[in-house]
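Asks: Got a predicted structure plus its sequence, pasted below:
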Amino acid sequence: MGTGATLINAVARGTAGLLAADPGRSSAADLDRVRALAQRVSVRAGRVRAGGDELYYEVRGSGPPLLMISGGGGDAGFYTYPAALLADAFTVVTYDRRGNSRSTGRHAAPFDMTRQAADAVAVLEAAGHRSAFVFGNSGGASIALELARAFPAAATGVIAHEPPVLTVLPDRDRWLGAFRAMSGPLTRAGGASAAMSVFALTTGIPISAYAAHPAGFSARSGANQRCFVRTEMYPFVSWEPDIDGLADSGVPITFAVGARTRARDLYYGRPAAILAERLGAPLLTLPGHHTSYFDRPEPWTAALRTALPTAPTPPAVPTPPTPPALPDQSAPPTAPAPPDQSPPPTAPAPIDQSPPPARPAPPTGPVLPDQSALPDQSALPARPARPRPAAD
């Protein structure tokens, strides 16, 4: 299939997806609730100079840092809804990539993936963090992968959602030819808006996603078409990831693809499975399509949250060794009774064994009285108690 046929086929397939009903999208009431939450969540905005340009960034929430990198269009507003929903557990950092929206673009061209990764690190450091878990969608997923390879100390982990790395496809040549046509002849003939319209048709993103954009996002992203079509689009799809470098980085990487993208076998959803297989990495399925964080933000973010790290648990205080069991102190053993210090009982006075006084001998020698009739000697007064020695 030639370049023209590839492009026509992609547009036809994408248009069918764009017009098809998306039963999984959030209701108007659900979207209004998320919009209201996004208005309530505090946003701390800042700017940082990096590589000759000034980058605009936003910070929401508190907790472990989560850096979210956008793809084509490069606006922090891509993640307005998930950032608000995740702010209860994470410090979410988003930013406008160089050349897009509120960031300057004096050095946006020529596009360089490592320079883009360095920008992300500069934003992260400006927000007060040396490292973070990194999420990227589309071209932002490719930047997240390059960040892991080139700056592994800055990434505690990466989720790469639908990176459009067409160089890993078995039919890469025809796809690269189609994108050369969009960014070259088509752009020269009809301008950036014409090329952008054709590209949007190839993605098959449903109309509901565009209708759910956050306030102010559409106006800003419309102004980014020229940067995307002329500077970023072809470099994104023609990037050659360093598979060995990613494997050697030590950064845990998860690839992700939307369930709707996968079911329709769209070209930009196929590289995730191929890269996951080459790296032996997990492949996560998220709800919906390429940008479902717009039109189904709550289920999409809930699914993403399951793959994000939780707040680190502080180390447990070491448990001291158990001392040997002591005798039960609740009832101390009864001490032996001290010797009785009371005076010994008074011994009865000995019976006087001395002979009775001599009596005049009767003339006839009368019989002596019966001794058993003598008074009871134990009834005599007791001996006074011996004084008890004073206690020490």
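Replies: Received the coordinates, thanks. Numbering: from 1, shown residues only.
Asks: could you point out where the stretch 151-300 of the chain is predicted with low confidence?
Replies: Scanning the stretch 151-300 of the chain for pLDDT under 70 picks out no residues.
Asks: which residues touch the residue nearest to the spatial centre of the chain?
Replies: When the chain is reduced to its mean C-alpha position, the nearest residue by CA atoms, centre = their mean turns out to be residue 310, at 2.2 Å. By CB atoms under 8 Å, 6 or more residues apart in numbering, the contact set of residue 310 is 64, 89. Quick note: C-beta positions are derived from backbone N, CA and C, even for glycine.
Asks: That one: which element?
Replies: Assigned by DSSP states H and E, residue 310 belongs to neither a helix nor a strand.
Asks: Could I get the pLDDT score of it?
Replies: At residue 310, the model reports a pLDDT of 78.
Asks: Could you do residue 345 as well?
Replies: Turning to residue 345, the model gives it a pLDDT of 47.
Asks: what about the closest residue to residue 297 other than its chain neighbours, how many neighbours?
Replies: Once flanking residues are discounted, residue 297 sits nearest to residue 81: 3.7 Å by CB to CB, 6 or more residues apart in numbering. As a burial measure, residue 81 scores 26 neighbours (other CB atoms under 10 Å).
Asks: If you count neighbours, what's buried in the helix or strand containing residue 81?
Replies: Using DSSP H and E, residue 81 sits within helix 80-86. By 16 or more other CB atoms under 10 Å, the buried positions in helix 80-86 come out as 80-86.
Asks: Which of these sits closest to residue 42?
Replies: Comparing the buried residues of helix 80-86 against residue 42 with CB to CB picks out residue 84 as the nearest, at 10.0 Å.
Asks: Now do the contacts for the closest one.
Replies: Contact analysis of residue 84 by CB under 8 Å, 6+ apart lists 34, 37-38, 40-41, 60.
Asks: Please narrow the residues you listed to those residing in strands.
Replies: If you go by DSSP state E, the contacts of residue 84 have residue 60 in strands.
Asks: Might one say that residue 136 is in contact with residue 158?
Replies: Yes - applying CB atoms under 8 Å, one finds residue 136 in contact with residue 158, separated by 7.4 Å.
Asks: shared neighbours, those two?
Replies: 144-145.
Asks: ok, the closest residue to residue 299 other than its chain neighbours - contacts?
Replies: Nearest non-adjacent residue to residue 299, counting by CB to CB, 6+ apart: residue 287, 4.9 Å away. Taking CB under 8 Å, 6+ apart, we find residue 287 in contact with 24, 258-259, 296, 299-300, 303.
Asks: what's downstream of the longest helix seen in the chain, the next helix or strand?
Replies: Identified as the longest helix of the chain according to DSSP state H is helix 185-203. As assigned by DSSP H and E, the chain's next helix or strand after helix 185-203 is helix 207-211.
Asks: now for that next one, which elements pack on it?
Replies: helix 292-295 (3 or more CB pairs under 8 Å, 6 or more residues apart in numbering; DSSP states H and E).
Asks: So which residues make contact with the helix it packs on?
Replies: By CB under 8 Å, 6+ apart, the list of residues contacting helix 292-295 reads 22, 24-26, 31, 78-79, 81-82, 137, 206, 208-213, 258, 260, 286, 288, 300-301.
Asks: Please name the nearest non-neighbouring residue to residue 175.
Replies: residue 166 (4.5 Å).
Asks: And residue 250, by the same measure?
Replies: Using CB to CB, 6+ apart, the closest residue to residue 250 is residue 152 (6.0 Å).
Asks: quick one: the strands in the stretch 1-150 of the chain?
Replies: 43-50, 53-60, 65-69, 91-95, 132-137 (DSSP state E, counting those that start in this stretch).
Asks: how about CSV for those, with distance to residue 251, mean pLDDT and mean neighbour count added?
Replies: Converted to CSV, these look like this (distance: least, CB to CB, whole Å; pLDDT from 0 to 100; neighbours: other CB atoms under 10 Å):
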stretch, distance to residue 251, mean pLDDT, mean neighbour count
strand 43-50, 21, 98, 15
strand 53-60, 22, 99, 21
strand 65-69, 13, 99, 28
strand 91-95, 17, 99, 27
strand 132-137, 9, 99, 26
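Asks: For residue 281, pull up the helix or strand it's in.
Replies: Judged by DSSP H and E, residue 281 forms part of no helix or strand.
Asks: wait, isn't residue 108 in contact with residue 230?
Replies: No - look at residue 108 against residue 230 with CB under 8 Å: they stay out of range, at 9.5 Å.
Asks: hang on, the earlier thing: what residues does the longest helix of the chain touch?
Replies: By CB under 8 Å, 6+ apart, helix 185-203 touches 7, 10-11, 13-15, 17-18, 182-183, 225-226, 228-230, 233, 266-268, 290.
Asks: From the contact count, pick out the helices and strands touching the strand or helix carrying residue 226.
Replies: Per DSSP H and E, residue 226 falls inside helix 225-227. Where contact means 3+ CB pairs under 8 Å, 6+ apart, helix 225-227 is packed against helix 185-203.
Asks: for the helix it packs on, which positions count as buried?
Replies: Neighbour counts over helix 185-203 (16+ other CB under 10 Å) mark 186-187, 192, 194-196, 198-203 as buried.
Asks: what about stretch 219-236, start to end distance?
Replies: Stretch 219-236 has an end-to-end distance of 23 Å (CA to CA, to the nearest Å).
Asks: How far away from the center of its chain is that stretch?
Replies: Its chain's C-alpha centre and that of stretch 219-236 lie 33 Å apart, by CA atoms, centre = their mean, to the nearest Å.
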